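In: quick one, fold the following:
(one chain, ligands or ions: 1)
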Amino acid sequence: MASGSSAEGEAVSGAQLIAASLKAQSIEYMFGIVGIPVTEIAIAAQAVGIKYVGMRNEQATRSMSCSVRSRFFTCPWWDGKCNHELLAVRTSIYGRPGSCYIDIPGDFVNLQVNKSSVKYVECCLPPPVSTAEHSAVCKAVAIIAHSKQPLLIIGKGAAYSRAENNIKKLVDLCGLPFLPTPMAKGVVPDNHPNCVAAARSTALQHADVIILLGARLNWILHFGLPPRFRQDVKVIQIDICAEELGNNVRPAAILLGDINTVTKQLLEEFSERPLEYPSNSEWWKRLREKIMNNEERSKGLALQKSLPMNYYTVFHHIRELIPKDCILVSEGANTMDIGRTMLPNYYPRQRLDAGTFGTMGVGLAFAIAAAMVAKDQTPEKRVICIEGDSAFGFSGMEVETICRYNLPILIIVVNNNGIYTGLDADAWNEMLKFGDPATCVPPVSLLPNSHYEEIMSAFGGKGYFVKTPEELQNALKASVADRQTPSLINVMIDPQSERKKQEFPWLTRSNL
Ligand code: ADP
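Out: Numbering: from 1, shown residues only. This is a model prediction of the structure:
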């Protein structure tokens, strides 16, 4: 808030006012692309101790918001004013605004006001921690107790709520099978014996009771509808947001409240009326059998010796050689989908991917945001960004940003020469004989054997071009060991490599 002009006395500019206001709101990082009039704001922000990261692409800049704000470090409460040139982020104070886009008229930046007339106003309140109604908790407990085929679905809300300890207690106490959504992976570690991710379709299709912990029944969960779910499935929905309740499926019980708090309430109820879902039930047998079959199939593909490599072989080696506590960023089509199943998460809030809307071009931005915060708060933590070759192309120039700030991110490009699938160099050259590439090259094809690693070496990082498992292992070992230098491993795979056959291909099916 400011009044008066600065004809006399110490003057402060509009840009300085903005920077000081952000600082007063504990903003720590700002991501942006400068030009008139935002350069002044970025300079003013640096002057008050806010770290400014200059990005190359507006789309990537915007992705920072999702990375640092809602999914990763801070709270999901704030929906800031949106524009797209500067993004201010704070990470440390849970329950305060995580980020906002700054949308300010150019004239304001150059405004001069008298310093003595400026007051800063704290405009944010800490979020309430809400509990569910006791009667709803009792109803949910009764439904779970009568269930023959229960399933706990853990969503991003559980990660935001930092409910990992209580959810793990609930899983252990009641012996419930659980399934994480992609970015809830790690809330309970993926290697927990009750994780049924490898039997996802079976679990969703046959569960009679679903406890939905902070996940929406959107397209990723097939809207909670048949044939993916049972017609008579009873959903117990736990969510903090009233307008999310009952979307697509009418819940059998509604627990409106913060997940950590509601999980504690459930634990209290179960401590009075203990429930241990039998580990020798038909349901568990069926799930375990499916898990074993699926894991065997993935293992078979992973251990194939033929060249070029397939996705499963590549992920197998990545899984073996990356640190368990790294922050994993991933985007692409097959690369992200197969990576979700092949790369386990052991800790909460360590996975960032294209998320609900499947937005491409976010990966490098997420990695930069994560690496900036890791550098300050957990310097031992590595950020590993696994990209499809098509996804990498969206924001590839952010490699320059990574090198400029010397962020030791490891980018792995899983390169199949295309979007979904591509052509090898021979097929490509044959294709060109048919005429103008614009009329005959398949729209999903990208240039074969592109040397994306040279983008990294062009800016001073380390680039590796690998074609065999041995080369991949060596490149992974070298880049994981080097904690100082950004690197990019370009992994050539079979351009026709595909996912295992899906029972419910959903959006990946095509008439082509
Ligand atoms: P996913 O992709 O994991 O399914 P979504 O983003 O679709 O996750 O849904 C997350 C849900 O979690 C949203 O409906 C949101 O309202 C809810 N949520 C967020 N934070 C909390 C919290 N602290 N407690 C309870 N629910 C939460």
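In: please identify the buried residues of the helix or strand containing residue 287?
Out: Element membership for residue 287 (DSSP states H and E) is helix 282-302. Buried residues in helix 282-302, counting neighbours by 16 or more other CB atoms under 10 Å, are found at 283-284, 287-288, 290-291, 294, 298, 301-302. (Each C-beta comes from the backbone N, C-alpha and C, glycine too.)
In: go on, stretch 358-370?
Out: 359-370.
In: and residue 439, how many neighbours?
Out: 7 (other CB atoms under 10 Å).
In: residue closest to the middle of the protein?
Out: residue 352 (2.0 Å; CA atoms, centre = their mean).
In: and the helix or strand where it lies, which strands flank it?
Out: Using DSSP H and E, residue 352 sits within strand 351-353. Strand partners for strand 351-353, identified by DSSP bridges, are recorded as strand 327-331 (parallel).
In: quick one: distance of the partner strand to the chain centre.
Out: 7 Å (CA atoms, centre = their mean, to the nearest Å).
In: not counting its neighbours along the chain, what's nearest the closest residue to the ligand within the chain?
Out: Evaluated by CB to the nearest ligand atom, the chain has residue 157 as its residue closest to the ligand, separated by 2.3 Å. Leaving aside its chain neighbours, residue 157 sits nearest to residue 214 (1.9 Å; criterion: CB to CB, 6 or more residues apart in numbering).
In: which residues does that neighbour contact?
Out: For residue 214, the contact set (CB atoms under 8 Å, 6 or more residues apart in numbering) comprises 154-161, 163, 184, 238-240, 259.
In: at 7 Å what do you get?
Out: 155-158, 161, 238-239, 259 (CB atoms under 7 Å, 6 or more residues apart in numbering).
In: okay, and which of these map to strands?
Out: Of the contacts of residue 214, the ones assigned to strands by DSSP state E are 238-239.
In: of the contacts of residue 214 - the most surrounded one?
Out: residue 238 (32 neighbours).
In: what helix or strand is the residue nearest to that one when sequence neighbours are not counted on?
Out: Residue nearest to residue 238 in three dimensions, not counting chain neighbours: residue 255, with 4.4 Å by CB to CB, 6+ apart. Using DSSP H and E, residue 255 falls within strand 253-256.
In: quick one: mean pLDDT for that strand?
Out: Summarised as a single mean, pLDDT over strand 253-256 is 98.
In: flag every buried residue along it.
Out: Under 16+ other CB under 10 Å, the buried positions of strand 253-256 are 253-256.
In: and what of stretch 466-476?
Out: 466-467, 469, 471-472, 475-476.
In: again, but for stretch 190-202
Out: Buried residues in stretch 190-202 (16+ other CB under 10 Å): 190, 194-200, 202.
In: alpha carbons of that stretch, as PDB, please.
Out: Output of stretch 190-202 as PDB, limited to C-alpha atoms (Å, rounded to 0.1, in the frame of the first residue of the first chain):
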ATOM      1  CA  ASP A 190       6.400 -48.400  -3.500                       C
ATOM      2  CA  ASN A 191       8.200 -51.500  -2.200                       C
ATOM      3  CA  HIS A 192       5.800 -51.900   0.700                       C
ATOM      4  CA  PRO A 193       4.300 -55.400   0.600                       C
ATOM      5  CA  ASN A 194       0.700 -54.000   0.400                       C
ATOM      6  CA  CYS A 195       1.400 -51.900  -2.700                       C
ATOM      7  CA  VAL A 196      -0.700 -53.300  -5.500                       C
ATOM      8  CA  ALA A 197       0.500 -50.900  -8.300                       C
ATOM      9  CA  ALA A 198       1.600 -53.800 -10.400                       C
ATOM     10  CA  ALA A 199      -2.000 -55.100 -10.300                       C
ATOM     11  CA  ARG A 200      -3.600 -51.700 -10.900                       C
ATOM     12  CA  SER A 201      -6.300 -52.800 -13.400                       C
ATOM     13  CA  THR A 202      -7.400 -55.800 -11.300                       C
END
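In: and for it, what's in contact with it?
Out: Contacts for stretch 190-202 (CB under 7 Å, 6+ apart): 171, 175-180, 188, 203, 286-287, 290-291, 294-295, 341, 344-346, 503-504.
In: touching, residue 188 and residue 178? I think so.
Out: Yes - counting by CB atoms under 7 Å, residue 178 is a contact partner of residue 188 at 6.1 Å.
In: give me the more crowded residue out of these two.
Out: residue 188 (27 against 24).
In: tell me the secondary structure for residue 489?
Out: Three-state call for residue 489 (DSSP: H, G, I helix; E, B strand; the rest coil): strand.
In: for it, list each beta-bridge partner.
Out: residue 412, residue 464.
In: now do it: how many residues are near it, please.
Out: Once other CB under 10 Å is used to define contacts, residue 489 is seen to have 28 neighbours.
In: confirm for me that residue 13 is in contact with residue 112.
Out: Yes - with contact defined as CB under 7 Å, residue 13 counts as touching residue 112 (6.0 Å).
In: compare those two and say which one has the larger neighbour count.
Out: residue 13 (18 against 12).
In: contacting residues for that one?
Out: 40, 109-112.
In: ditto for residue 329
Out: Counting by CB under 7 Å, 6+ apart, residue 329 has contacts 352, 363, 366-367, 370, 383, 385.
In: if we go to 6 Å?
Out: By CB atoms under 6 Å, 6 or more residues apart in numbering, residue 329 lies in contact with 352, 363, 366-367, 385.
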